[in-house]
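*Asks:* what follows is a protein structure lacking sequence information:
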């Protein structure tokens, strides 16, 4: 039993599929199968129930996974602690976010202030973030919806209104506000289920007993307003994007519906060692998204 074997087991347990685990690990499928077989032989029990290339974690595997997660987590924390002792402005931080565009200016300032810190990014839905935090694959998540779950620590970075964006020339384009009754039959450009814009849209319509008309859905939230500007439909866009991408050819309205807001939070596990790099990143994120006094 060695560390590479335990890490391989953890990836296979997460995917419950040999091919997908091999693809993530960038090794051949037979090598993954042999590693699991050796581990099972060493332990004296089967950890998975086999179903072709798919495998399902059994009760022995689930019990072993809990211990493996704890052991690998302790080793990862030890690595971070030693890196801090060697130099507080070193190390690495892995961050997941629903859209990376929100982080561009923050990352630029952070890298300038801490050039020795390596940054790795993942674009993830809320469900993926929960799994990544549980598996310690990421250090922190920048989330636009509650992640939930025990053992998570959340810091609110920003609260903002979510606006309604419509194409130039749309019948609503000259208005400042609209109600849900004005848009219930309009085609919406949005993200796939799991992203916060889609979750918000579905929740607002469900409260009124309606289902939105979806004309376009995708995985990149930052592309939504450009598709709206192209005339594909209307959509919900956070107020922050109005300033970040002013070149998008859309008109902005307030949607008079309770709860049409976004809360941006930084979420991490509460039970792990927090490195200096992570503390610096949290401080930078809080400062970056803090409300700014209006210029005189």
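*Replies:* Now that the structure is in, tell me what you want to look at. Since the model is a prediction, treat every value here as computed from it, not as a measurement.

*Asks:* for the rest of this, base every contact and every neighbour count on C-alpha atoms.
*Replies:* Noted.

*Asks:* all strands for the stretch 51-200 of the chain, in order.
*Replies:* Counting by DSSP state E, counting those that start in this stretch, the stretch 51-200 of the chain has strands at residues 54-57, 92-97, 118-123, 140-143, 152-167, 177-178, 187-191.

*Asks:* I'd like the ones you listed as a markdown table, with distance to residue 64 and mean pLDDT appended.
*Replies:* Output for these, formatted as a markdown table (distance: least, CA to CA, whole Å; pLDDT from 0 to 100):
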| stretch | distance to residue 64 | mean pLDDT |
| --- | --- | --- |
| strand 54-57 | 10 | 86 |
| strand 92-97 | 26 | 92 |
| strand 118-123 | 27 | 92 |
| strand 140-143 | 25 | 95 |
| strand 152-167 | 23 | 93 |
| strand 177-178 | 55 | 94 |
| strand 187-191 | 37 | 95 |
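
*Asks:* make a markdown table out of the ones you listed and add mean neighbour count and distance to residue 271.
*Replies:* A markdown table is the format used below for the strands of the stretch 51-200 of the chain (neighbours: other CA atoms under 10 Å; distance: least, CA to CA, whole Å):
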| stretch | mean neighbour count | distance to residue 271 |
| --- | --- | --- |
| strand 54-57 | 18 | 25 |
| strand 92-97 | 21 | 17 |
| strand 118-123 | 15 | 21 |
| strand 140-143 | 26 | 13 |
| strand 152-167 | 20 | 8 |
| strand 177-178 | 15 | 45 |
| strand 187-191 | 25 | 32 |
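
*Asks:* and these: which comes nearest residue 4?
*Replies:* strand 54-57 (18.8 Å; CA to CA).

*Asks:* who are the packing partners of that closest one?
*Replies:* Strand 54-57 makes packing contacts with strand 48-51 when contacts are defined by 3 or more CA pairs under 8 Å, 6 or more residues apart in numbering; DSSP states H and E.

*Asks:* chain center to the strand it packs on: distance?
*Replies:* 30 Å (CA atoms, centre = their mean, to the nearest Å).

*Asks:* confirm residue 285 sits in a strand?
*Replies:* No: using DSSP: H, G, I helix; E, B strand; the rest coil, the secondary structure at residue 285 is helix, not a strand.

*Asks:* which ones are touching it?
*Replies:* Each residue near residue 285 by CA atoms under 8 Å, 6 or more residues apart in numbering is listed here: 106, 157.

*Asks:* now the strands of the stretch 51-200 of the chain as TSV including distance to residue 80?
*Replies:* Below are the strands of the stretch 51-200 of the chain laid out as TSV (distance: least, CA to CA, whole Å):
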stretch	distance to residue 80
strand 54-57	30
strand 92-97	8
strand 118-123	13
strand 140-143	14
strand 152-167	19
strand 177-178	50
strand 187-191	36
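
*Asks:* any idea of the pLDDT on residue 136?
*Replies:* Per-residue pLDDT puts residue 136 at 84.

*Asks:* just give me the longest helix of the chain.
*Replies:* Looking across the chain with DSSP state H, the single longest helix is helix 59-86.

*Asks:* settle this for me: residue 47 is touching residue 60, isn't it.
*Replies:* Yes: with contact defined as CA atoms under 8 Å, residue 47 counts as touching residue 60 (5.5 Å).

*Asks:* so the two - more neighbours on which side?
*Replies:* residue 47 (25 against 12; other CA atoms under 10 Å).

*Asks:* can you tell which of the strands of the stretch 51-200 of the chain is closest to residue 210?
*Replies:* Between residue 210 and those, the tightest spacing by CA to CA is seen for strand 187-191, at 13.3 Å.

*Asks:* check the offset of whichever helix or strand residue 226 is part of from the chain's centre.
*Replies:* Assigning secondary structure by DSSP states H and E places residue 226 in helix 224-229. Taking CA atoms, centre = their mean, one finds helix 224-229 lying 22 Å from the centre of the chain it belongs to.
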